[in-house]
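[1] return a 3D structure for these sequence lines:
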Amino acid sequence: MRSYHLAWLSFNSVLCIRKPSSSTAILQHQQLMTRDLMLFMRIWKKSSAK
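    Numbering: from 1, shown residues only. Here you go, the predicted model:
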């Protein structure tokens, strides 16, 4: 479980470093973040259910 969390954090920080300047790009970035967070939570629930 911790490895998933670390992978998410590192992925998250990489995205934050390369943060786009235009508002449309920021909006797309936020949508991607939300989608990836949902995916991460689903994986995390599966792994913690075992």
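
[2] can you give me the helices for this structure?
    Remark: helices assigned in the chain by DSSP state H are 2-17, 23-49.

[3] any idea how far residue 39 is from residue 8?
    For residue 39, the distance to residue 8 (Cβ to Cβ, to the nearest Å) stands at 9 Å. Yep, even glycine has a C-beta here, placed from its N, CA and C like the rest.

[4] kindly reformat the helices of the chain as CSV containing mean pLDDT.
    Shown next, in CSV, are the helices of the chain (pLDDT from 0 to 100):
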stretch, mean pLDDT
helix 2-17, 68
helix 23-49, 83
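
[5] any chance of the ones you listed in CSV, plus mean neighbour count?
    Below are those laid out as CSV (neighbours: other Cβ atoms under 10 Å):
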stretch, mean neighbour count
helix 2-17, 11
helix 23-49, 11
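
[6] against residue 32, how distant is the residue nearest to residue 5 when sequence neighbours are not counted?
    Leaving aside its sequence neighbours, residue 5 sits nearest to residue 44 (Cβ to Cβ, 6 or more residues apart in numbering; 7.6 Å). Counting by Cβ to Cβ, the gap from residue 44 to residue 32 is 18 Å.
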